[in-house]
Each structure stands twice: as C-alpha cells, then as structure tokens.
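In: pasting the sequence and the predicted model now:
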Amino acid sequence: MSESQDQLPGSDGLGNNYRDVLAALGRGIAGAVPVAGGMLAEIVGAVIPGQRADRITAYLRALSERVDQMDREIKENLGEHAEKIDLIEEGGYQAARATTQERIGMIVEAVTRGLSASETDVVRRKRLLVLLGELDEDEVALLNAYGQSYGSREGNPFAAIDRPRSPTLSSGQDELDRHELYQSGQDHLIRLKLLRKNFSSVKRGELPEFDRSTGEFKHRVEVSPLGRLLLKEVGMPSPFDQE
C-alpha cells in the first residue's frame, strides 16, 4: 500500500487508536483484493494497484472524518468490536472496486451508520452494505429513480436513466438487446427484493389483466421497503423517508 494510505487526517504518530485501526485495515484490504494474471498481468499489475490504493485512501480518509465526529466511547472502543471491524473491511473491499467517488461516498455513509449501531444491529446493517456490493452503477441509479418517485410527484426521476423503448414486432436486434440488458438490471433488483411488483386489485372471481408482451399479469414496479432502507442507508432516501 502507498505511504499516503497511512496518513489519515490527524494520524501523526498517534498510538493505538481508531485511526491506527483504520490504517491497518487499509493495508490488509489492499493486499487481499485479487489482481488478474495471465497475459494481462503486467498491464493490470501496473494500473490496478495504484487505482486501488487511491480508492482505499479516499475511503479511509472520508471514513476517518466521519468517525472523528462520533462519540468518544465509540472511537475508543472501535478496535474491540469484531463486527464493526468486519463492517469497515467490507466497505474497504467495495471501495477498492468502486468506479466513482459517489460510490465511495455511499459506502462511507453505510459504514458510518453501522459503526454507530449496537452490536446486534451492526450485523444486520452489514446486510445492506453487502446488498450495495451486489449492484452495479446502473442498478443503483435505477433503484434511486424508483426511490425518488416514491412519495413524490415532482419532476421525473427517470429522466437521467437511459431507458430503452419497449420492443415491438418491428424492433431490430440492437434495440431488442438494449431492452434485454436494461430489463436484466430491473429483474436483478426484483430478485434482491429491492423492487417489487404491485398488481392491481381485482374483484372476487376475476383475474388480473394479462400482458401478452411480458407473459405476466399486468403490474407496476415500485421500490420495496428493503429498497427504501438501502437508499436511506447510503444517503439517498426517498422523499417519503427524508427526515
């Protein structure tokens, strides 16, 4: 790991405290993230480690600034809580693979919330961070669009989402492929129970309207309670959940 990763804010020669814990975890994280081998080993070996170090450094610095603002008891006992250390490590692994500063900010937000939680709650809150790690940037943006449309009619949260048109009989293969790729992201969010299908209520003895284009009963997709919880955890609460 580069020297800059040990130089967290205010860590000048300090003894065994939470900053040293963060720095030590950073060294371990950087060494544990695998690097590709084979023909690309030389290229990847020259580029990835430096980028990885920069991302972990950004993560640790931002996290250190947030920990600085916590209660003294939390800071002093940070190194004694295995689950909280595990949470920091999980955040570091994800930060090493992050492709944007915004993603690192989401990770820091989730880890910070977990560090402030009780021992039992931090185990459960880690599940949210793990869920975040299963999403790519496009899926996060899509989940956020659904979240911002929940409880608000202002603007169009989907305006920034590249949503392909629904395919028709005259659609070309490229258009079909684009729709299939987009749909795979939405389906992934549904499988993770971050989005859910909301079927219209029908009268007793009747069946919901069938949609031949999808092969399912007609429904609308909306953010689920778990999806709203994840968005809140990473600092992007829906209008309904904003404090």
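Out: Yes, it's here. Residues are numbered from 1 along each chain as shown.
In: walk me through the domains of this protein.
Out: Using automatic domain parsing, the domain ranges for the chain come out as 3-133, 137-233.
In: just put these in TSV and tack on mean pLDDT.
Out: Listed next are those as TSV, based on pLDDT from 0 to 100:
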stretch	mean pLDDT
domain 3-133	74
domain 137-233	86
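In: any idea which of these gets closest to Asp241?
Out: Minimum separation from Asp241 across the domains of the chain (C-beta to C-beta) falls at domain 137-233, 5.2 Å. Quick note: C-beta positions are derived from backbone N, CA and C, even for glycine.
In: now do the helices in this protein.
Out: 18-32, 41-68, 72-76, 82-97, 101-115, 119-133, 137-148, 173-191, 225-233 (DSSP state H).
In: re earlier: turn the domains of the chain into CSV, columns for mean neighbour count and distance to Pro239.
Out: CSV is the format used below for the domains of the chain (neighbours: other C-beta atoms under 10 Å; distance: least, C-beta to C-beta, whole Å):
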stretch, mean neighbour count, distance to Pro239
domain 3-133, 16, 18
domain 137-233, 14, 4
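In: which one of these lies closest to Gln242?
Out: From these, taking C-beta to C-beta, the stretch that ends up closest is domain 137-233, at 8.7 Å.
In: end-to-end on the closest one?
Out: 16 Å (C-alpha to C-alpha, to the nearest Å).
In: next, format the helices of the chain as TSV and append distance to Pro208.
Out: Converted to TSV, the helices of the chain look like this (distance: least, C-beta to C-beta, whole Å):
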stretch	distance to Pro208
helix 18-32	49
helix 41-68	46
helix 72-76	50
helix 82-97	39
helix 101-115	36
helix 119-133	30
helix 137-148	21
helix 173-191	17
helix 225-233	23
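In: ok, Asn77 to Arg52 distance?
Out: 29 Å (C-beta to C-beta, to the nearest Å).
In: centroid-nearest residue for the protein?
Out: Central residue check for the chain by C-alpha atoms, centre = their mean: the C-alpha nearest the mean position is that of Leu132, 2.9 Å away.
In: need the contact list for that one.
Out: Gln94, Met106, Ile107, Ala110, Val140, Leu230, Glu233, Val234 (C-beta atoms under 8 Å, 6 or more residues apart in numbering).
In: before we move on, what about Gly227?
Out: Leu143, Tyr146, Gly147, Leu189, Lys193, Leu194, Leu195, Arg196.
In: closest to Ser238 among these?
Out: Gly147 (4.2 Å).
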